[in-house]
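Visitor: Based on what follows, work out the 3D shape:
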Amino acid sequence: MKKTIIIVTSILIVLFIAGSAYFWYVIRRSVTHTAMSQESACEAAVGYWNRVAARCEEINRGKDRPFDQLIPSLRSISSSTDGFTETAQLRIGLRLPLEYSLDDVEDELTLIAGDGVVELIRGDPAYKAEKNTPLVRAFLSAIRGSEGKPAFVLKTGTADMNTVAPVWNCPTVAYGPGDSTLDHTLDEHILVSEYKKSIQIFSDVIWTLTDANETL
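Guide: Purely as a prediction, here's the structure:
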């Protein structure tokens with residue numbers, strides 16, 4: 001039996017996970033008197049972020065579904081000076097659709113960087129799993145067997161499937177209890193009843209696959 005990946009992430013069966021990429025943007029300027037009209041490093045950094053947001057808006061025009069869009073977020077901003085040079089630094093995150101690789105995004109950001117420096121921190125491309133596999137069929141059966149109504153979902157969040165599925169090249173889904181809109185929030189929680197039901201569903205899936213001796 002080949003490897004199979006099951007990632008716990010939401011109550012639905014997740015077949016698509018958006019990619020993600022994080023970049024540093026660093027810009028430096030010589031220190032000048034505030035009465036001068038020269039652009040500061042901080043002002044240059046704000047201008048760059050505005051260009052990133054505008055470029056993503058342009059790319060996303062006509063794309064109504066979030067998982068088809070290139071979605072930017074400003075994660076942090078900091079500045080410092082040694083008395084001669086001032087430095088501003090941004091940490092920018094992006095959610096990636098299937099059509100954009102990490103190289104594509106880095107090229108887009110570098111093209112509008114001016115004299116600033118763009119550096120990839122880390123990232124994973126988007127991944128979309130096959131819908132008609134023994135693994136998916138086993139989940140559909142198990143969910144229905146627990147009186148649930150299975151549904152497929154495409155998510156703009158990320159999961160381990162982005163990293164391991166392309167390497168292992170095997171059937172993949174993401175599934176689990178809870179409300180994924182609460183992920184990484186102070187109100188993140190799951191109901192015990194949903195947790196128990198998910199255990200039964202996982203058990204049924206494993207038994208289905210092993211009893212049928214499915215070749216995945």
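Visitor: Now do the domain split for the protein, please.
Guide: By the record's domain assignment, the chain is partitioned as 5-17+128-211, 19-124 (automatic domain parsing).
Visitor: Lowest average confidence across those domains, which one?
Guide: Among those, domain 5-17+128-211 carries the lowest mean pLDDT, at a mean of 81.
Visitor: Would you mind listing the residues in contact with Pro150?
Guide: 12-13, 139-140, 143-144 (C-beta atoms under 8 Å, 6 or more residues apart in numbering). For the C-beta atoms, the positions are set from N, CA and C on the backbone; glycine is no exception.
Visitor: From those residues, which land in helices?
Guide: Mapping the contacts of Pro150 onto helices (DSSP state H) picks out 139-140, 143-144.
Visitor: Apply the buried test to those residues and list what passes.
Guide: Neighbour counting with 16 or more other C-beta atoms under 10 Å marks 139-140, 143 as buried within these.
Visitor: got TSV for those residues, with distance to Ala159 too?
Guide: Below are those laid out as TSV (distance: C-beta to C-beta, whole Å):
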residue	distance to Ala159
Phe139	15
Leu140	20
Ile143	19
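Visitor: Out of the residues you listed, which comes closest to Lys131?
Guide: Nearest to Lys131 among those: Leu140, at 10.1 Å, using C-beta to C-beta.
Visitor: about what we covered before: kindly reformat the contacts of Pro150 as CSV containing distance to Ser78.
Guide: Converted to CSV, the contacts of Pro150 look like this (distance: C-beta to C-beta, whole Å):
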residue, distance to Ser78
Leu12, 38
Ile13, 41
Phe139, 44
Leu140, 48
Ile143, 46
Arg144, 51
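Visitor: Pick the one among those residues closest to Ser73.
Guide: Within the contacts of Pro150, the smallest distance to Ser73 is 23.7 Å, found for Leu12 (C-beta to C-beta).
Visitor: so Arg122 bridges to which residues?
Guide: Tyr22 (DSSP bridges).
Visitor: Actually, Thr85.
Guide: Using DSSP bridges, the bridge partners assigned to Thr85 are Ser30.
Visitor: Mind jotting down where the strands sit in the chain?
Guide: Secondary structure of the chain (DSSP state E): strands at 5-7, 13-17, 19-30, 71-81, 85-96, 117-124, 127-128, 152-155, 172-174.
Visitor: And those: which comes nearest Ala54?
Guide: Comparing these by C-beta to C-beta, strand 71-81 comes nearest, at 9.9 Å.
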